[in-house]
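Trainee: sequence and computational prediction follow.
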Amino acid sequence: AQRVTQPEKLLSVFKGAPVELKCNYSYSGSPELFWYVQYSRQRLQLLLRHISRESIKGFTADLNKGETSFHLKKPFAQEEDSAMYYCALSIYFNKFYFGSGTKLNVKP
Amino acid sequence: DTGVSQNPRHKITKRGQNVTFRCDPISEHNRLYWYRQTLGQGPEFLTYFQNEAQLEKSRLLSDRFSAERPKGSFSTLEIQRTEQGDSAMYLCASSSKIAGGDPDTQYFGPGTRLTVL
């Protein structure tokens, strides 16, 4: 069965510190993986996806098929990065499976 | 176009009642998704439409849940004989593979919060 695991419910870092939000998945096929973000009182929105291999707001994520991971990283956290982050796996874009989310708190 | 809209934003109902939610996707988005989100969890996939065809439905969805997208535009999600366990945020998202749009990016609505007493 497909599953997305985000082991940390809460991650607190100081401004300027590196950030890594962990995501592991289980899927026997070729996954499409995404990170979504939800800022306070805003809608869920796409942050980035592995197929585009781009950096958004300084965040990057690399798909590691050997470790079945798709960790989200940023070298220097900013206070405005504080939000809920969800990792998601898609099967042919017909179904999406979301992790339980990690709340990132960036302290001043 | 102001994005995906959902109505109502909040619904309080008594156990056993039927409720219906509406989702208006971004114009010309041919893909529409429904999710359910409970406290402390991520969105849980319920169903997917491509135009008016319901192509995927979660096995977690009981027979009390039904969704329609009759003309390939707006969609409704109905829950019959509501139970307290149905209390959750119901999210709608749309996306498009039409040229000119960002393919396969889901745009989420604000959600409908259901409380079953």
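Mentor: Arrived safely, thanks for sending.
Trainee: skipping adjacent residues, who's closest to whatever residue of chain B ends up closest to chain A in space?
Mentor: Per Cβ to the nearest Cβ, residue B:42 is where chain B lies closest to chain A, at 3.4 Å. For the C-beta atoms, the positions are set from N, CA and C on the backbone; glycine is no exception. Excluding the flanking residues, the one nearest residue B:42 by Cβ to Cβ, 6 or more residues apart in numbering or on different chains is residue A:98, at 3.4 Å.
Trainee: again with residue B:74
Mentor: Here the residue nearest residue B:74, using Cβ to Cβ, 6+ apart, is residue B:24, at 4.8 Å.
Trainee: over to residue B:40?
Mentor: residue A:100 (6.8 Å).
Trainee: so that neighbour belongs to a helix, correct?
Mentor: No - assessed with DSSP: H, G, I helix; E, B strand; the rest coil, residue A:100 is coil; it does not lie in a helix.
Trainee: check contacts around it.
Mentor: Neighbouring residues of residue A:100 by Cβ atoms under 8 Å, 6 or more residues apart in numbering or on different chains: A:6, A:9, B:40, B:41, B:42.
Trainee: I'd say the last one and residue A:103 touch.
Mentor: In this case it means residue B:42. No - counting by Cβ atoms under 8 Å, residue B:42 stays clear of residue A:103, with 11.9 Å between them.
Trainee: for chain B, what's the nearest residue on chain A?
Mentor: residue A:98 (3.4 Å).
Trainee: residue 55 - how many residues pack around it?
Mentor: Since you didn't name a chain, this refers to chain A. Residue neighbour count, defined by other Cβ atoms under 10 Å in any protein chain shown, stands at 12 for residue A:55.
Trainee: I was thinking of chain B, sorry if that wasn't clear
Mentor: Neighbours of residue B:55 (other Cβ under 10 Å): 13.
Trainee: contact partners for the residue of chain A closest to chain B?
Mentor: For residue A:98, the contacting residues are A:4, A:36, A:86, A:87, A:88, B:35, B:42, B:43, B:44, B:45, by Cβ under 8 Å, 6+ apart.
Trainee: residue A:102 now?
Mentor: Taking Cβ under 8 Å, 6+ apart as the test, what residue A:102 contacts is A:6, A:8, A:9, A:10, A:11, A:21, A:22, A:84, A:85, A:86.
Trainee: check residue B:71 too.
Mentor: residue B:52.
Trainee: which strand residues bridge residue A:26?
Mentor: residue A:3 (DSSP bridges).
Trainee: just to revisit the earlier point, the residue nearest to residue B:74 contacts residue B:5, correct?
Mentor: Yes - contact between residue B:24 and residue B:5 holds when scored by Cβ under 8 Å: they sit 4.6 Å apart.
Trainee: is the lowest-mean-pLDDT helix or strand in chain B anywhere near chain A?
Mentor: Counting by mean pLDDT, DSSP states H and E, chain B has its least confident helix or strand at strand B:53-57, which shows a mean of 90. Yes - where contact is defined by Cβ under 8 Å from any Cβ of the partner chain, part of strand B:53-57 touches chain A, namely B:55, B:56.
Trainee: just how off-centre is that strand within its chain?
Mentor: Centroid displacement of strand B:53-57 relative to its chain, using Cα atoms, centre = their mean, to the nearest Å, is 12 Å.
Trainee: each with direction, which strands does that strand pair with?
Mentor: Paired neighbours of strand B:53-57 in the sheet (DSSP bridges): strand B:44-50 (antiparallel).
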